[in-house]
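> Sequence plus the predicted model coming up.
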Amino acid sequence: MSMRLSLIPTFAAVCQWGTFSRAAEKLHISQPAVSKTIKELEQDCGVALFERQHSTISLTPEGRKLWEGCQRWLKESEELEKLAASLKTGRQILRIGVVPMCGNTIFPQLHREFLAVHPHFQLRTVEDTASVLYGLLDRQELDLILCVTNHLPLPPYHCRVLKKSRLELFTAPDNPLAQKKEVSFQDLADQPLVLFPDTFGQTRYLRRLFAQARTEPQILHQTSQVFTILSYIRSGAGVGFLSEEFAQDEKNLVAIPVKQIATGHVNFVWNRDPEQFPVLKQFLAFVEKRWPRQGQQDPSLLSSREAL
């Protein structure tokens, strides 16, 4: 008897959620129904897929092999569903990952402008740290990412620099630092800081610069939300680092250049051949028209995946 593919979603749910009862809850069916499906799948395969010990279960070696294959199959099935949906609706789908700094500045306008020119497209966006987005890109769960970095990635990644961007220190107007034209990390020794979490490349970069300046950062609060950082700064409770673009909208805050911070670049990064992926090719053509290249690529840019 061949394996029935209709049994796979239940098997996948048990693998994902760890128990028959949890899988039943997620699938909105009874636990006996899950047990029956798994038993039928094991009969089809001719091997035990789970080791059952009291109230716990674990995959057998054969079960792990099947789960690895199922993950690939489920991903391909999802891609086919997306293709079918695009054929039905006539809308082509592009998946873009965006780091929070770009998600709050450059990307919303870009998103609007692109859809105005290409209304038949659908942009599906994910906002997360650069390291997470690179992982999704590597697994082909994203088509390209938008991030800010002072380094360019190595092959197999391709990169299109959109513009220069620099982190600046933002303070309330009544902060003594607001009177300075430029500050150093030593000037920040007694300033309460509001930063992104340490999982963000920007925060790791800033910690390195503080260490090089032999200054211990006085961290008041860490958050992944840009609007929370802005709220702290507006209240005068702390200061924070944001890209210089925020100064255009935050007229009541003071943006101060920091001596040791290098100029970064806003980049699109992808790892697929646009010639084999027309949706990506059309989007990059729009980017090329929207942001014409200016001069030669900065030779000082080194290769790295870490974003600011």
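Nice, thanks for sending it over.

> Where in this structure is the helix or strand with the lowest mean pLDDT?
Using mean pLDDT, DSSP states H and E, the weakest-scoring helix or strand in the chain turns out to be strand 302-303, at a mean of 40.

> Can you give the contact residues for the helix or strand harbouring K36?
Secondary-structure assignment from DSSP states H and E places K36 in helix 31-45. For helix 31-45, the surrounding residues in contact (CB atoms under 8 Å, 6 or more residues apart in numbering) are 1-4, 7-8, 10-11, 13-14, 20-21, 23-24, 27, 48-50, 62, 66. Heads up, the C-betas are built off the backbone N, CA and C, glycines and all.

> Just the residues you listed: which are in strands?
F50 (DSSP state E).

> Now, of the contacts of helix 31-45, which are buried?
7-8, 10-11, 13-14, 20, 23-24, 27, 49-50, 66 (16 or more other CB atoms under 10 Å).

> Any idea which of these the model trusts least?
Scanning these for pLDDT, the smallest score is found at L27, 84.

> Quickly list what E168 is bridged to.
Beta bridges link E168 to L242, judged by DSSP bridges.

> For S2, see how far away it is.
Applying CB to CB, to the nearest Å, the value for E168 to S2 is 63 Å.

> same deal with T56?
Separation of T56 from S2 (CB to CB): 30 Å.

> Then G97?
G97 is 39 Å from S2, where distance means CB to CB.

> who's in contact with I8?
41, 70, 73-74.

> In helices, which of those fall?
When DSSP state H is applied, the contacts of I8 are split such that 41, 70, 73-74 fall in helices.

> now, among the residues you listed, which is nearest to E288?
Proximity of the ones in helices among the contacts of I8 to E288 (CB to CB) peaks at L74, which lies at 35.1 Å.

> ok, the closest one touching A12?
Yes. The criterion here is CB atoms under 8 Å, and L74 meets it with A12 at 6.2 Å.

> The two: which has the busier surroundings?
The residue with more neighbours, out of L74 and A12, is A12; 18 against 13, by other CB atoms under 10 Å.

> Surely the more buried one and E68 touch.
No. Shown here, A12 and E68 do not form a contact pair, counting by CB under 8 Å, at 11.6 Å.

> circling back to that earlier point, report the buried residues of the helix holding K36.
For helix 31-45, by 16+ other CB under 10 Å, it's 34-35, 37-38, 40-42, 45.

> and the residues you listed as TSV, adding pLDDT and distance to P119?
TSV is the format used below for those (pLDDT from 0 to 100; distance: CB to CB, whole Å):
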residue	pLDDT	distance to P119
V34	90	43
S35	91	49
T37	92	43
I38	92	46
E40	91	47
L41	91	44
E42	91	49
C45	90	47
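
> Do you have the strands of the chain handy? List them.
Secondary structure of the chain (DSSP E): strands at 50-53, 56-59, 92-98, 121-127, 144-149, 151-152, 158-165, 167-171, 192-195, 218-222, 239-243, 254-256, 264-270, 302-303.

> Summarise which helices and strands the longest one is packed against.
Secondary-structure packing of strand 158-165 (3 or more CB pairs under 8 Å, 6 or more residues apart in numbering; DSSP states H and E): strand 264-270, helix 278-290.

> change it to 7 Å
Counting contacts by 3 or more CB pairs under 7 Å, 6 or more residues apart in numbering; DSSP states H and E, strand 158-165 is packed against strand 264-270.

> Neighbouring strands of the strand it packs on in the sheet, and parallel or not?
Counting by DSSP bridges, the strands paired with strand 264-270 are strand 144-149 (antiparallel), strand 158-165 (antiparallel).

> can you tell me the average pLDDT over that strand?
What strand 264-270 shows for mean pLDDT is 91.

> now swap in stretch 223-231 and tell me
The average pLDDT within stretch 223-231 is 90.

> buried sites along it?
Residues 226, 229-230 are the ones in stretch 223-231 that count as buried (16+ other CB under 10 Å).

> residues contacting the residue found closest to A13 once you drop the neighbours it is linked to in the chain?
Of all residues not flanking A13 in the chain, A23 sits nearest, at 3.9 Å (CB to CB, 6 or more residues apart in numbering). A23 makes contact with 10, 13-14, 17, 34, according to CB atoms under 7 Å, 6 or more residues apart in numbering.
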